[in-house]
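# below is the structure, and that's it, no one-letter string:
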């Protein structure tokens, strides 16, 4: 049975251990950020993690950092997971979620989830203008919550 749980919930310690173990087995994840893990919403099928979505807080923004799925899941489940993250972000006084995207198909997917492409020249990352950063060829998608 599918369900969504947050690391920040009452049973969070066990969920957090499972999330860290899940992330350690993802080749593209080279560093696990504890703060980002604590903000994760996790999609389970019984006790098996199918995917997770999490963000890092920057003032009133949340940068999506982990959006990882181990198996094919329906867009409905992804939307449920996103809605849970939006609720969690609101609780943390975040008013917008954004993601740095460098692939057209992922940009299209985020658009289907309600994110809009924004002018990246107005963003600062690591204390430099986004256009001067190593991410200059990527796009920024934003979802106001």
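Good, I have the coordinates. Since we're looking at a predicted model, the values are computed, not measured.

# neighbours of residue 124, just the number please.
Neighbour count of residue 124, defined by other Cβ atoms under 10 Å: 11. Where you see a C-beta, it was placed from the backbone N, CA and C, and this is true even at glycine.

# can we start the residue count at 370 from this point?
Got it, first residue is 370 now, which makes that one residue 493.

# separation between it and residue 481?
Between residue 493 and residue 481 the distance is 28 Å, computed by Cβ to Cβ, to the nearest Å.

# then residue 512?
12 Å.

# so for those two, which residue has more residues nearby?
Each of residue 512 and residue 481 has its neighbours counted (other Cβ under 10 Å); residue 512 has more, 19 against 10.

# can you tell me which residues contact that one?
Contact partners of residue 512, counting by Cβ atoms under 8 Å, 6 or more residues apart in numbering, are 455, 465-467, 482-485.

# what's the helix or strand of the chain with the lowest mean pLDDT in contact with?
When the helices and strands of the chain are compared on mean pLDDT, DSSP states H and E, strand 493-494 comes out lowest with a mean of 78. Residues outside strand 493-494 that contact it (Cβ under 8 Å, 6+ apart): 469, 499, 502, 504.

# so which of those residues is surrounded by the most neighbours?
Top of the contacts of strand 493-494 by neighbour count (other Cβ under 10 Å): residue 499, with 19 neighbours.

# could you pull up the residues touching that residue?
Taking Cβ under 8 Å, 6+ apart as the test, what residue 499 contacts is 489-493, 505, 509.

# would you quantify the distance from it to residue 486?
From residue 499 to residue 486 the distance is 13 Å (Cβ to Cβ).
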